[in-house]
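J.: this one's sequence-less:
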């Protein structure tokens with residue numbers, strides 16, 4: 001089922017072709033030369049997202065990632081390989097009281113700069129295109 005997306009990714013797996021999500025570095029914290037974290041500002045952008053709710057957290061992430069890979073590897077209205085952006089983001093959801101995690105996760109792919117204005121539509125109806133507001137992220 002994943003043979004075609006894997007072959008497409010392998011053909012296009014040139015590290016120079018991976019686009020990092022653009023951000024502005026606000027702060028960098030190091031200790032003895034090791035990076036502890038960075039505080040980053042990410043601008044408003046469009047993401048292809050899929051929410052999964054399998055019995056195990058890891059299954060949700062894997063299945064969501066596989067569905068996004070199909071979208072990236074030609075299963076979209078452009079019929080083209082969209083290119084890889086890094087990182088692919090996983091959002092863990094909590095209950096209303098924010099006291100525990102739920103089984104639901106969102107796996108999200110930042111659409112490359114050239115696709116931000118007019119993203120290709122996914123063939124998979126579980127994948128939605130969302131515009132996320134600007135945000136501050138702490139990264140390790």
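T.: Now that the structure is in, tell me what you want to look at. The structure displayed is predicted, hence computed values, not measured ones.
J.: which helices and strands sit right next to the longest helix seen in the chain?
T.: Ranked by residue count under DSSP state H, the longest helix found in the chain is helix 57-72. Helix 57-72 makes packing contacts with helix 3-11, strand 45-52, strand 89-94, strand 101-110, strand 127-132 when contacts are defined by 3 or more Cβ pairs under 8 Å, 6 or more residues apart in numbering; DSSP states H and E. For glycine as for every other residue, the C-beta is placed from the backbone atoms N, C-alpha and C.
J.: for residue 116, give me its contacts.
T.: 45, 46 (Cβ atoms under 8 Å, 6 or more residues apart in numbering).
J.: quick check: the gap between it and residue 29.
T.: The gap separating residue 116 from residue 29 is 30 Å, by Cβ to Cβ, to the nearest Å.
J.: now residue 28. Nearest residue, chain neighbours left out?
T.: Among residues not flanking residue 28 along the chain, residue 38 sits closest, at 5.1 Å (Cβ to Cβ, 6 or more residues apart in numbering).
J.: partners of the helix or strand hosting the one you found in the sheet?
T.: Here residue 38, judged by DSSP states H and E, is contained in strand 34-42. If you go by DSSP bridges, strand 34-42 pairs up with strand 24-31 (antiparallel), strand 135-139 (antiparallel).
J.: to residue 66, which of the ones you listed lies closest?
T.: Shortest distance between residue 66 and the strands paired with strand 34-42, using Cβ to Cβ, is found for strand 135-139: 24.7 Å.
J.: touching, residue 108 and residue 89? I think so.
T.: Yes: using Cβ atoms under 8 Å, residue 108 is in contact with residue 89, at 4.4 Å.
J.: looking at the two, which is more packed in?
T.: Each of residue 108 and residue 89 has its neighbours counted (other Cβ atoms under 10 Å); residue 108 has more, 22 against 16.
J.: and the pLDDT at the residue sitting furthest away from the middle of the chain?
T.: Taking Cα atoms, centre = their mean as the measure, the residue most remote from the mean C-alpha position of the chain is residue 32, 31.4 Å away. The per-residue pLDDT reported for residue 32 equals 95.
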